[in-house]
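# Next comes the sequence, and after it the predicted model I'd like to discuss.
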Amino acid sequence: MSNKPVPNPIQRRRLLTAVAAAGASGWLPPAWAQTAGRAPLALTPRQSEGPFYPVALPADSDADLLRNGIRNYRPNQVAWVEGVVKDPEGAPVSGAVVEIWQCDENGHYHHPGDGNRADPAFQGFGRVTVGADGRYRFKTLKPAPYTGRTPHIHFKVKLGRHDLLTTQLYVAGHPGNPQDGLWWRLSAADRAALSMPFVPDATTGGVRAEFPLVVMA
């Protein structure tokens, strides 16, 4: 068994860039050459944070947004939102923190800018730290609209002290999308990357959306 170290993703990117410039790709060790011929994954498009990121993180900020302390929120449709945080080479970004925040079914946020009118049973914000597989999963409600905005969920990805990504997840095919200024200003490719179907999930009885996140770690 070889004891030669395999470089981390950043080291590997630098190595491949240098090799391409030198025209010497043939000498790459097998462990590095496996990813040398693949096109990098496209970074997840960025979008604005919006005005309703929490002023202070709530005491309950786990991955279940339908339970806030001892209160239970019962939406019309439970949704599971999940995915994997990867770098452009497809490697999971272990240790990344994924945060989401959204309005309740009546279109209100837990935020003074919205009058703190959200249902107190709805957590409204959640965060998870991904493991070695890069996977995250949240239990929440299928995103709801409010005045001027189509249904969406805000996302932020952090690693240590660095913000890697701020973006928004949309419901694919929702009739309100073309009337939303942030959505229609996206390119067709970016709309496809940020708009995901919420499909029935027989296991949970709710709906599920898979939202992959590609970031430069």
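Done, it's in. Residues are numbered from 1 along each chain as shown.

# For residue 183, give me the backbone phi and psi.
Dihedral pair for residue 183: phi -70, psi -50, per degrees, to the nearest 10.

# Let me see the contact set for it.
Applying Cβ atoms under 8 Å, 6 or more residues apart in numbering to residue 183 gives the contacts 150, 170, 177, 191, 195. (Glycine included, C-beta is placed from N, CA and C.)

# How about it, nearest residue that isn't a chain neighbour?
Residue nearest to residue 183 in three dimensions, not counting chain neighbours: residue 177, with 4.8 Å by Cβ to Cβ, 6 or more residues apart in numbering.

# what's the neighbour count on that neighbour?
Applying other Cβ atoms under 10 Å, we find 19 residues neighbouring residue 177.

# What does the pLDDT read for it?
Predicted confidence (pLDDT) for residue 177: 98.

# I'd assumed residue 99 was in contact with residue 163.
No: between residue 163 and residue 99 there is no contact under Cβ atoms under 8 Å: 10.0 Å.

# On the three-state scheme, residue 182 is what?
Following DSSP: H, G, I helix; E, B strand; the rest coil, residue 182 is assigned to helix.

# I figured residue 79 was touching residue 204, is that so?
No: using Cβ under 8 Å, residue 79 is not in contact with residue 204, being 9.2 Å away.

# ok, these two, which is more surrounded?
Neighbours per residue (other Cβ under 10 Å) separate residue 79 from residue 204, with residue 79 holding more: 23 against 12.

# And for residue 98, the neighbour number?
Using other Cβ under 10 Å, residue 98 has 28 other residues around it.

# how close does it get to residue 71?
Using Cβ to Cβ, to the nearest Å, we find residue 98 at a distance of 24 Å from residue 71.

# Quick one: name whatever helix or strand follows the lowest-mean-pLDDT helix or strand in the chain.
The weakest-scoring helix or strand in the chain, judged by mean pLDDT, DSSP states H and E, is helix 30-33 (a mean of 42). Later in the chain than helix 30-33, the nearest helix or strand by DSSP states H and E is strand 67-68.
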